[in-house]
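1. I'd like to go over a predicted model; first the sequence, then the structure.
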Amino acid sequence: MFQDQTFVIVGASLTGAKAAEELREKDFEGRIVLIGAESERPYERPPLSKDYLRGEKEEKPFVHDEGFYDEHDIELRTGVEVTAIDPLGSKITLGNGDTIEFERLLIATGAEPRKLDLPGADLDGVIYLRSIEDSDALGAKFGDGVKVVVVGAGWIGSEVAASAREKGCEVTMIAPESAPLERVLGPELGKVYRDIHEDHGVRFLAGTGVTEFAGSGSVEAVITDANERIEADLVVVGAGVLPRTALAEAARIPTDNGILTGPSLETEAPGIFAAGDVANAYHPFYGERVRVEHWANARRQGAAAARSMLGEPVVFDEIPYFFSDQYDVGMEYTGYAPESDRIVYRGDVDKREFIAFWLKDGRVVAGMNVNVWDVADPIRDLIRSKAEVDPDRLADPGVSLDSLKG
Ligand SMILES: Cc1cc2nc3c(=O)[nH]c(=O)nc-3n(C[C@H](O)[C@H](O)[C@H](O)COP(=O)(O)OP(=O)(O)OC[C@H]3O[C@@H](n4cnc5c(N)ncnc54)[C@H](O)[C@@H]3O)c2cc1C
């Protein structure tokens with residue numbers, strides 16, 4: 001099938017690697033070129049703030065073993081940047097000036113950390129975590145009594161704080177919110193995570209901004225907007241990520257908080273697709289565009305984009321899912337809840353073994369299971385059913401989630 005065609009994938013990380021794999025799974029016999037700016041072959045990022053960061057796993061978390069790309073006749077080009085896309089000429093340009101013509105193109109350029117524009121932000125020891133090199137550099141500095149200041153209390157900041165504490169560092173978290181993860185989970189569940197961090201000895205400075213990083217050469221302190229000086233050997237900034245859309249923008253492929261795609265993951269430029277962290281895809285279940293910055297989405301959308309490139313009638317409507325591990329607290333979150341009007345708990349919040357359900361108009365729109373396992377699929381099915389639920393039955397661990405689907 002498509003023997004004489006060339007499919008190019010820009011971005012050799014999880015989304016790109018899964019797309020290449022799926023193309024071969026689906027018996028695509030043409031040429032696949034997978035191009036990545038990083039020097040490593042595709043790897044998974046979640047361990048970079050968890051066990052790999054703590055030095056508990058020496059093996060790099062590669063998506064595929066070394067021989068996979070050759071065995072599947074996938075031309076993997078690492079350490080190579082794509083500098084331009086020409087949608088009308090159906091070709092891309094590489095950093096060395098070479099061009100490659102394509103029949104189909106997948107843009108899987110992911111996201112990059114949002115940088116802080118503050119005095120001292122360029123000092124050594126002010127670190128952003130995205131790549132395996134970042135994780136190696138950060139992990140090498142962890143140790144007993146090392147003073148780590150984490151700026152930002154989203155997923156990356158929270159996981160880094162937990163890993164740093166587990167390695168004996170003194171950790172201060174600074175965030176404008178009242179609790180970690182508040183933007184996604186809201187203040188009530190954020191408080192649960194704040195307690196978890198404080199129980200493990202993290203100092204959490206809520207409602208606080210940073211005005212400056214102080215030091216000469218290397219960072220020595222963080223100055224807050226309350227004019228407090230917090231000594232720091234190391235600062236980790238977790239201020240969210242921005243989709244890498246520059247290539248698409250230069251090619252006049254429409255973007256708005258990511259590259260815009262329809263449910264098939266095709267962009268407005270025919271034959272050019274986008275998936276993973278960079279894609280802001282129309283989601284039929286939600287009736288709006290959703291950009292998801294999570295591992296499961298990268299895997300699923302990469303594979304779905306590949307099928308779409310092959311002409312299959314793809315409608316990507318997977319319910320978002322992500323996971324996080326902090327200390328001995330593991331969680332999975334299923335759903336998408338920009339708005340909700342009630343939270344219902346099942347289980348024991350104090351023991352940190354529970355499920356929290358976010359409801360909107362009596363229907364479950366998201367669920368988070370904390371140290372409770374094998375319930376993410378039933379939660380997803382409940383969300384998808386859009387059934388009105390009785391809150392008392394939802395809270396009752398004796399009632400199966402499946403029975404609430406109506
Ligand atoms: C430290 C960390 C921990 C995480 N933990 C979790 C977790 O616990 N749970 C969860 O659900 N998600 C987690 N995530 C998020 C998850 O890793 C991302 O959603 C996923 O990596 C997205 O994959 P992607 O392939 O779309 O993009 P990326 O992983 O960002 O990869 C994009 C790739 O494209 C390359 N590229 C960009 N531009 C070009 C160009 N012009 N030419 C060539 N190559 C280019 C980049 O170098 C990069 O390698 C974590 C992320 C990080 C950083």
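-> Looks like it came in fine. Numbering: from 1, shown residues only.
2. look up the closest residue to the residue in the stretch 301-406 of the chain positioned nearest to the ligand, ignoring the ones flanking it.
-> Proximity of the stretch 301-406 of the chain to the ligand (Cβ to the nearest ligand atom) peaks at residue 322, 3.4 Å away. C-beta here means a position set from N, CA and C on the backbone, and glycine is covered the same way. Nearest non-adjacent residue to residue 322, counting by Cβ to Cβ, 6 or more residues apart in numbering: residue 294, 3.9 Å away.
3. hmm, back to that, hmm, who's touching the helix or strand hosting the residue of the stretch 301-406 of the chain closest to the ligand?
-> Residue 322 belongs to strand 321-326 when assigned by DSSP states H and E. Strand 321-326 is contacted by residues 46, 50, 155, 158-159, 161-162, 193, 196-197, 294-297, 330-334, 376, 380 when judged by Cβ atoms under 8 Å, 6 or more residues apart in numbering.
4. among the residues you listed, which ones are buried?
-> Buried members of the contacts of strand 321-326, scored by 16 or more other Cβ atoms under 10 Å, are 46, 50, 155, 158-159, 161-162, 193, 196-197, 294-297, 331-334, 376, 380.
5. from these, which land in strands?
-> Assigned to strands by DSSP state E, the following of the buried ones among the contacts of strand 321-326 qualify: 331, 332, 333, 334.
6. could you redo these as TSV and give each row pLDDT and distance to residue 91?
-> As requested, these are exported to TSV (pLDDT from 0 to 100; distance: Cβ to Cβ, whole Å):
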residue	pLDDT	distance to residue 91
331	98	44
332	98	42
333	98	40
334	98	40
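7. just name the closest of those to residue 27, please.
-> residue 334 (32.3 Å; Cβ to Cβ).
8. beta partners for that closest one?
-> residue 321, residue 367 (DSSP bridges).
9. which residues touch it?
-> Applying Cβ under 8 Å, 6+ apart, the residues near residue 334 are 319, 320, 321, 366, 367, 368, 376, 379, 380, 383.
10. residue 295 versus that one, what's the distance?
-> 13 Å (Cβ to Cβ, to the nearest Å).
11. report the closest residue of the stretch 251-400 of the chain relative to the ligand.
-> residue 276 (2.3 Å).
12. neighbours of that residue, how many?
-> 35 (other Cβ atoms under 10 Å).
13. spatially, what comes nearest to it if we skip its sequence neighbours?
-> Leaving aside its sequence neighbours, residue 276 sits nearest to residue 15 (Cβ to Cβ, 6+ apart; 3.0 Å).
14. am I right that that neighbour is in a strand?
-> No: Residue 15 is assigned helix when assessed by DSSP: H, G, I helix; E, B strand; the rest coil, not a strand.
15. I'd assumed residue 281 was in contact with it.
-> No: in this structure, residue 15 is not within contact of residue 281 by Cβ atoms under 8 Å, at 12.0 Å.
16. so what sits against both of those two?
-> Common neighbours of residue 15 and residue 281, using Cβ under 8 Å, 6+ apart, are 275, 301.
17. quick one, helices of the stretch 51-200 of the chain?
-> Ranges of helices in the stretch 51-200 of the chain, per DSSP state H, counting those that start in this stretch, are 68-71, 132-141, 155-166, 182-199.
18. so which of these gets nearest the ligand?
-> Closest among the helices of the stretch 51-200 of the chain, once you apply Cβ to the nearest ligand atom, is helix 155-166, at 5.3 Å.
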